[in-house]
Every structure is written in C-alpha cells, then in structure tokens.
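# quick one, what's the 3D model for this:
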Amino acid sequence: MNAPSSAIRSLLGPAGAREQLDDEQLLAHYAYPANGAFRLNFVASVDGAAMGGDGRSGSLGTAADHRVFELLRRLADLVLVGAGTLRDEGYVGLRVSEPSVAWREERGRPPHPTLGIVSNRLALDPKHEMFADAPVPPIVVTPVSDTERLAPFREVATVLTVPEHPERPGTLDVTELRAMLRELGHTEVLCEGGPSLFGEVNAQGAFDELCLTISPASVGGQGGRITHSETLAQHPLALAGVLECDDTLLLHYLRSAGLS
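Sure thing, here's the model as predicted:
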C-alpha cells in the first residue's frame, strides 16, 4: 500500500499508540455499527464558520479532510445531500476514487454509493449533470407529491415522496425518510449537508453520528454555522475519536442516545 499523502494520527489512547494511521485503520475507526447509522459529516473553521472566504465549505478542506471525506464515502451505501448544497458546491455525478471502487467491489458492494438529493420544493433540473453523469441512478427525496412535477425525475432517478413532519410544516419527516431508505437497503447513510438539512435533522433528533473537521483557519464575517434552523434542539454527544494532521482536527461524535 502506498504511504498516505496526509499523515493522520489519533490523539486518544496511550501516547505510544499514536502512530500514523493507514487507510485500513481509518476505515476501522469510522466503521458503521452492524445495524447501520445516519452519519453527518461537516467541516468548520476554528471560529465556527461553515463556509470559507469564497462562500463555499470546500475551501475549508485540508489534505486530511479530503482523505477522510473520501474514506467516509467509501464506507457509505448512500450519500445524502441537500439540493442547495449540490448547487453551491458544484456536485455532479457521485463517483468515488479507483481505490475506493476496488475496496467496495472486493467486499461485494456496488462500485459507487448512491446519491440522495433532498429538495423540499423540488427546485431541481432533471437534466442537470448530477443525474446525467451519475454511475448509479440517484434518489430524489421530497415531500412534493404532484404527479406531473415528479414525472421528469422518475425518468432519471428513484423518487421518494416523504411526508412532511407532523409538527414542522414544509419540512420532510427525517425519521420516516430513514425508514424508507432502510426498506431500500440503505442503512449506512452519510449526510454531507448543508446547514439547512443538518438543522432540520438536528431539530428532529434524527442522526446517530457527527464527523466534524476543524479546519486550521479563522474566517470571521457573517457566515453561518454547520447547522441552521429556527428550532433550538440540544442533543448530548459522546466523543468517539480525535484525529490530527497538520493542525487539522478530525472529531467523531456519537449521539449519547442515538437512534437505531
């Protein structure tokens, strides 16, 4: 195996065990529990900004963050992203690297995870490259039930019409979404944002894990946090891992009372 381009080490455990971690050790560190999990992955600056100076979260990424980002996708069977983040961050067809494809195929998994796109208003273009270039037909998740509006998306994706949350009109029921994804065989879910989707997931208490990269930068300005919601909802978290590489911290939290 080639040496990793970014030397990541664990800051938890005995000092003598803080050697550099190779990809297999990192994959073991981030392995999903046997019954799966709904995992969130975000990057933020030291002063709490979710976006860099160019207005994109991608500019906060470091070599270590990019490496773990790829490994988290390698482990997932579905990557869930809000439509706004797809547009802002320039997502196209979801493809993992060749080493990730080989790793997945060796374990009898599809070469690439499925992309799930969440859109409360169905403000998507069915001709967008995220559909045309997808190696696996994406899943469109929306509370919209209008047959005519959904028809173009059924030609390029699987459509899940998820009911609105009974106490939160205009937002889909994330717990119901999780159940529907499980019925499709997607138990290892990686949610990559953005802040509005994370805010709704947090408001409903519908996540199990948070992977948070602290980028060694301060941003200032009026930038928002990794979660945005009108609702305050505090959930206790347990620290499961602390990794470090070139001033970047990679934190792994579990919900203290996580959902199964």
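# what are the boundaries of the helices in this protein?
Along the chain, the segments classed as helices by DSSP state H run 23-29, 63-75, 83-89, 98-106, 129-132, 147-154, 174-183, 195-203.
# could I get those helices as JSON lines with mean pLDDT?
Putting the helices of the chain into JSON lines (pLDDT from 0 to 100) gives the following:
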{"stretch": "helix 23-29", "mean pLDDT": "96"}
{"stretch": "helix 63-75", "mean pLDDT": "97"}
{"stretch": "helix 83-89", "mean pLDDT": "85"}
{"stretch": "helix 98-106", "mean pLDDT": "98"}
{"stretch": "helix 129-132", "mean pLDDT": "90"}
{"stretch": "helix 147-154", "mean pLDDT": "97"}
{"stretch": "helix 174-183", "mean pLDDT": "97"}
{"stretch": "helix 195-203", "mean pLDDT": "94"}
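# now tabulate those in CSV and tack on distance to Leu212 and mean neighbour count.
C-betas here are computed from N, CA, C, even on glycine. Below are these laid out as CSV (distance: least, C-beta to C-beta, whole Å; neighbours: other C-beta atoms under 10 Å):
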stretch, distance to Leu212, mean neighbour count
helix 23-29, 14, 15
helix 63-75, 10, 20
helix 83-89, 16, 18
helix 98-106, 22, 14
helix 129-132, 25, 17
helix 147-154, 32, 13
helix 174-183, 19, 18
helix 195-203, 11, 23
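# count of neighbours near Pro169?
By other C-beta atoms under 10 Å, the residues close to Pro169 number 8.
# report pLDDT for it.
As predicted, Pro169 sits at a pLDDT of 82.
# over to Pro4?
48.
# do the one 3 residues further on as well
The predicted local distance difference test score for Ala7 is 89.
# what's the answer for the one 4 residues further on, then?
At Leu11, the predicted lDDT confidence score is 92.
# report the contact partners of Cys245.
Applying C-beta atoms under 8 Å, 6 or more residues apart in numbering to Cys245 gives the contacts 6-9, 62-64.
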